[in-house]
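Engineer: Here is my input, please return the structure:
(chains A and B)
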There are 2 protein chains.
Amino acid sequence: MAASPYQQLEEEFRRLHAFRGALAVLRWDAAVMMPRGSAEVRGEQLAALEMEGHALLTAPKVSRLIERADANAQGLEDWQLANLREMRRERDHAIATPNALVSRLAKATARAETHWLEARRTGRFADYAPHLAEVVGLIRDRALLLGQHLGLSPYDALVDEFSPGVRTEEIDGLFKAVARRLPALVKEAIELQAQKPSLPITGKFPAAKQRALCTEVMKAIGFPFDRGRLDEAEHPFTEGMSGDLRVTTKLEPNDAFQGLLGALHETGHAMYDLGLPKEWRDQPVGRNRGMALEESQSLIIEMLLVRSRPFLSYLKPLLEKHFGVAGPEWEAENLYRHLTRVHRGLIRADADELTYPAHILLRYEIEKDLLSGELKVEELPEAWNEKAQSRLGLKPGNDLEGCLQDIHWAVGQFGYFPAYALGALIAMQLWEKLRADRESLDAEIAAGDFTGMFGWLRENVHGAGAKMSVQDLVKTASGRPLSAAPAMRYLEAKYLEPR
Amino acid sequence: MAASPYQQLEEEFRRLHAFRGALAVLRWDAAVMMPRGSAEVRGEQLAALEMEGHALLTAPKVSRLIERADANAQGLEDWQLANLREMRRERDHAIATPNALVSRLAKATARAETHWLEARRTGRFADYAPHLAEVVGLIRDRALLLGQHLGLSPYDALVDEFSPGVRTEEIDGLFKAVARRLPALVKEAIELQAQKPSLPITGKFPAAKQRALCTEVMKAIGFPFDRGRLDEAEHPFTEGMSGDLRVTTKLEPNDAFQGLLGALHETGHAMYDLGLPKEWRDQPVGRNRGMALEESQSLIIEMLLVRSRPFLSYLKPLLEKHFGVAGPEWEAENLYRHLTRVHRGLIRADADELTYPAHILLRYEIEKDLLSGELKVEELPEAWNEKAQSRLGLKPGNDLEGCLQDIHWAVGQFGYFPAYALGALIAMQLWEKLRADRESLDAEIAAGDFTGMFGWLRENVHGAGAKMSVQDLVKTASGRPLSAAPAMRYLEAKYLEPR
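Structural biologist: Have a look, this model is predicted:
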């Protein structure tokens, strides 16, 4: 029997999945292994593969198959229907961007990433600026075309790519609820914590020992080292898919926790990828449900699991074992105080749960201005520093702690930052339900048993793949529509707790 | 003005070049970085990319463009004509193998490679055998089809892929000349050397120090570490292209030289890739002229340069510096005796210049029998051990020093081994001419100045790319047709020298 249009589509998207897997390895290699002088050649390879994926999605053949599969949809099951919908969604996003633009973007972002890495070493924004400007110009073209095609504003069109179905209006509503309560909460928490400060934790923590600690905790959580790696990178990231997961972190010899927190944040992404429905792993419906969901899964580990008393009582003996440390500052209660300390800072990646949203608001405003052309790339450092003053209450001493701290814009990720704040809200909403559903959770975590926690996440979140919208997934998993209320409940209980 | 058929072809082959670069990174990663459990997923990616390259070469569009470019060839320059000829050659090879076979081969070789690596750890040939058998069956199908298409015997068709234009008849003639003289020469050399044995060189040479030594020598030779890497792998190999060269070696803590010799052998490949004509780097004519030439370039470093008195007087202080060694056994003359020691052994990769051809003859005979079906894969260990006894005068104690020692068959490289012996002959023929052209060569090498040597190779060998046949290239560079005579002159002078 000849393959049906739907089956032929599955075959096409299986090929696309293989290209994407290859691209993931090439990107991981570029950031972790590749010699710097090879960026130009790598840019050509990435561009050729992205072009190929783009050509596949925009081929008349695929559009014809989608139409024919739509017309014969009555025989398809739920998951197949959802898969067909996701195929159409990917086609729609791809078809709005012409080939030439895809190719130019791939090359420009490869160049900009290399120069961003270089600027991270030299601190010189000016050398990187023209490469970022090239990316901004191309993303602007892309947002316009995408918006026209999808009937969205240019910025919403970019957001839709990272957080499917989410619009500026919804983001604004959620961010407003957060911004209304948080500044006061930050202030109260800092005052409360000042009454019982944590003992300082200092020392030298060699990279090899940190790596051993990260590896042990990642194994306990369930990261599969036979199908994944942990490496070092300038900026932690995860690449790959459930069959080959590449986690990276940055190990700082003077900081006992930064490397571990980075690795565990990324492990959250990896666990999500690992829990995606296996039978759909090479199809669009088997992919993650966008970046807001991804971030919810990294933050649920980094913020909600790790910064909890049960986890820290599990971690304490591991710190003693790997770092050979002891003393009152290494007691679980002090670790908890240390890691839940609220602190106004300049670096997003180091920010605590309470001050984090302000970092996102800053970027959200700036990237909209960069795209609209209201802000020029050469004015970025100044604009950043001004907004840092008003939003964070601090002025960066240099661009490394200002506009050079994130890789996202260099690699063309505009419209991505809101996903971090949405992810945090989703994480707290899921956490509330997970705790309600699983009374023994704290005891399990304290005993280093994470199977219950990740079993719940796999069943309620990971296993859904891209079957539902972000909003439906959150509602189905937590029993309530997405809102800022669970986050506010969680943060107030945690940070206004009498110590 | 619209692009001419020839220009359109260049564009198509530029895309192919990018796919091949991506494949090189994926293969390097699979051997050096990838977790073992990811082999299945990687196999899918490699297969998808190889299919894509194959589809490009066999597309009716490309064949039509080749015909049209051929018809309008009068306007093309020399290099363009040669490029067009190489395009046709690649198309001819590709079109003889159906898509389904290409895909099955890619997956089967990925699996076989993983199981070969596993068998290298366990020593168990039986676990690897079914995967090798699958590869042999597919290669047999491929050789038949290729032979029919090119009007060659199945085995010649495979050889033609690795050594363009070279036929079994020519190989047999060269091998016969070698086999006639070598056994007696081996015997004489061993007797002569027994009169003045070298002092044994032992010690512990930590991997980090070996790596530092390799790096310093590779830098001196001209390996560009800003566009290349040196890593460890079970079996030394080189992947990549002039913009991103990945050299690997195997570092043995009990052996001062094995890691260095592996790294320098591979550096020979890398220098060839680096010297290919830059303006043609993404076109077929800008590729290397097959594996016999490749091997000539690795052996010219590993055998002719390194195992020479001038090089070893350059190396001596570097060994002292990196390994902290001293004493009579580390004197240049003893190093020379040690590294030119003729020794009947079981491992091809460790073999000296004199015994090496016997290793190739063994493989040449066995792989022809495997492909004809005269020999079954399960009988391979026994057949190998018998031939080792007759050709090498030794019997392997286990399959690790027998039929499990090489990766080639696992990854489908049948018809490749003759290229090693041809490469050795070519290396010695080029070396004779290089020394005649460059009187100051020895003094330069002793001073650690390799620019003259590699300048000559770039001008006479590397820079020709794939513009000429193997035979023409050797004749143009050395002034004489390819023969075994220069090799015999070189080997007799070196190994029958009164000590």
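
Engineer: what about A:Ala208, neighbour count?
Structural biologist: 10 (other CB atoms under 10 Å in any protein chain shown). Every C-beta, even on glycine, is put in place using the N, C-alpha and C of the backbone.

Engineer: Point me to the residue of the stretch 251-400 of chain A nearest chain B.
Structural biologist: Closest residue of the stretch 251-400 of chain A to chain B, CB to the nearest CB: A:Asp282 (7.9 Å).

Engineer: which bits of the stretch 51-200 of chain A sit near chain B?
Structural biologist: When proximity is defined by CB under 8 Å from any CB of the partner chain, the stretch 51-200 of chain A lies next to chain B at A:51-52.

Engineer: helix, strand or coil for the residue of the stretch 251-400 of chain A closest to chain B?
Structural biologist: coil (DSSP: H, G, I helix; E, B strand; the rest coil).

Engineer: Can you tell me the SS state at the spatially most central residue of chain A?
Structural biologist: Centroid-nearest residue in chain A, with CA atoms, centre = their mean: A:Glu295, separated by 4.2 Å. Secondary structure, three-state DSSP: A:Glu295 is helix.

Engineer: Confirm that A:Gly240 sits in a strand.
Structural biologist: Yes. Under three-state DSSP, A:Gly240 falls within a strand.

Engineer: now it, which residues is it bridged with?
Structural biologist: A:Leu245 (DSSP bridges).

Engineer: Quick one: residues contacting it.
Structural biologist: Residues in contact with A:Gly240 (CB atoms under 8 Å, 6 or more residues apart in numbering or on different chains) are A:21, A:24-25, A:28, A:228, A:246, A:273.

Engineer: Repeat the analysis, applying 10 Å as the threshold.
Structural biologist: A:20-21, A:24-25, A:27-28, A:227-229, A:246-247, A:269-270, A:273, B:35, B:38, B:41 (CB atoms under 10 Å, 6 or more residues apart in numbering or on different chains).

Engineer: Show only the entries of the residues you listed found in helices.
Structural biologist: Mapping the contacts of A:Gly240 onto helices (DSSP state H) picks out A:20-21, A:24-25, A:27-28, A:269-270, A:273, B:41.

Engineer: For B:Asn72, state which of the residues you listed is nearest.
Structural biologist: Using CB to CB, A:Arg20 comes nearest to B:Asn72 of the ones in helices among the contacts of A:Gly240, at 39.3 Å.

Engineer: Once you drop chain neighbours, what's closest to the closest one?
Structural biologist: Leaving aside its chain neighbours, A:Arg20 sits nearest to A:Gly53 (6.7 Å; criterion: CB to CB, 6 or more residues apart in numbering or on different chains).

Engineer: List the contacts of that neighbour.
Structural biologist: The contact partners of A:Gly53, taken as CB under 10 Å, 6+ apart, are A:15-20, A:22-23, A:90, A:94, A:102.

Engineer: what about the strands in chain A?
Structural biologist: A:228-232, A:238-241, A:244-249 (DSSP state E).

Engineer: could the contacts of A:Gly53 go into JSON lines alongside distance to B:Lys321, pLDDT and neighbour count?
Structural biologist: Listed next are the contacts of A:Gly53 as JSON lines, based on distance: CB to CB, whole Å; pLDDT from 0 to 100; neighbours: other CB atoms under 10 Å in any protein chain shown:
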{"residue": "A:Arg15", "distance to B:Lys321": "52", "pLDDT": "96", "neighbour count": "18"}
{"residue": "A:Leu16", "distance to B:Lys321": "52", "pLDDT": "97", "neighbour count": "22"}
{"residue": "A:His17", "distance to B:Lys321": "51", "pLDDT": "97", "neighbour count": "22"}
{"residue": "A:Ala18", "distance to B:Lys321": "48", "pLDDT": "96", "neighbour count": "23"}
{"residue": "A:Phe19", "distance to B:Lys321": "47", "pLDDT": "96", "neighbour count": "21"}
{"residue": "A:Arg20", "distance to B:Lys321": "47", "pLDDT": "97", "neighbour count": "19"}
{"residue": "A:Ala22", "distance to B:Lys321": "42", "pLDDT": "97", "neighbour count": "27"}
{"residue": "A:Leu23", "distance to B:Lys321": "43", "pLDDT": "97", "neighbour count": "20"}
{"residue": "A:Glu90", "distance to B:Lys321": "57", "pLDDT": "95", "neighbour count": "19"}
{"residue": "A:Ala94", "distance to B:Lys321": "57", "pLDDT": "93", "neighbour count": "20"}
{"residue": "A:Val102", "distance to B:Lys321": "51", "pLDDT": "85", "neighbour count": "20"}
